[in-house]
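Asker: Fold the following, please.
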Amino acid sequence: MRRTLLAALLTSCTLACTPTDLSTSNTPSCQAEVPSATTANSAGFTIHAPQPPGWSTQPVEGGGLVLHRFETIEGADPPFGTATVTVATFSPADTADAANNTLRILRPHESGWHRTRSEEVQICGNPAHLTSGTTTDAHHDYLEFAYPLGDKFYPIQITTQTPIANVPRYRSDLDMILSGVRISVQ
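Answerer: Here you go, the predicted structure:
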């Protein structure tokens, strides 16, 4: 089930923010621009993910957040729609490369994975990597980056998953969530 929650959907993503006042911090940060679900990290930063109408949120034990949408759709096949977004922060590393290696190791390597997209993007001035693909029955994306804070780099992974049949129904919500991810320093 945990693997299911760590899957993703996004077909286009342009993420950018501006750094906060660099005279007080060298940590890139930007405030959320829309109502968002948040997860605070004890190291001193908060991740904001836009929460579209109809989406529920649930904190994850140990940190992190799940946004989920489920609805019954009369006359549809399948007769329900579902999509999940997971925001997770992992143990810090000493270098950005080590944090990115952690993310590569943690990314599920499911049987039948077919990558459809792989590109570099930006989140609040931080380089990030977006990988998209499908398995037999679901579309996934993994948006991953190493967030610098102090002398550590925090591996952050934002993922979504939706059954292939539900991709058209939830694409705009998922695009809004992932393109609106922001980080603020507490």
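Asker: so residue 175, which of the three states?
Answerer: When classified by DSSP: H, G, I helix; E, B strand; the rest coil, residue 175 comes out as helix.
Asker: any idea how far residue 63 is from it?
Answerer: Going from residue 175 to residue 63 by CB to CB, to the nearest Å gives 25 Å. For every residue, glycine as well, the C-beta is placed using N, CA and C.
Asker: give me the beta-bridge partners of residue 56?
Answerer: Applying DSSP bridges to residue 56 yields these beta-bridge partners: residue 68.
Asker: Contacts only, for it.
Answerer: Residues counted as contacts of residue 56 (CB atoms under 8 Å, 6 or more residues apart in numbering) are 67, 68, 69.
Asker: to the chain's geometric centre, what's the distance from stretch 42-58?
Answerer: Between the centre of stretch 42-58 and the centre of its chain there are 10 Å (CA atoms, centre = their mean, to the nearest Å).
Asker: I meant stretch 105-112, not that one.
Answerer: Relative to the centre of its chain, stretch 105-112 is centred 16 Å away, using CA atoms, centre = their mean.
Asker: I'd like the C-alpha coordinates of that stretch written as CSV, please.
Answerer: Taking C-alpha atoms only, stretch 105-112 is exported to CSV below (Å, rounded to 0.1, in the frame of the first residue of the first chain):
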residue,chain,number,x,y,z
ILE,A,105,16.7,4.0,-4.3
LEU,A,106,13.4,4.8,-2.7
ARG,A,107,11.5,5.2,-5.9
PRO,A,108,9.5,2.0,-6.5
HIS,A,109,10.8,-0.1,-9.4
GLU,A,110,7.6,-1.8,-10.3
SER,A,111,7.3,-4.7,-12.8
GLY,A,112,6.1,-3.5,-16.2
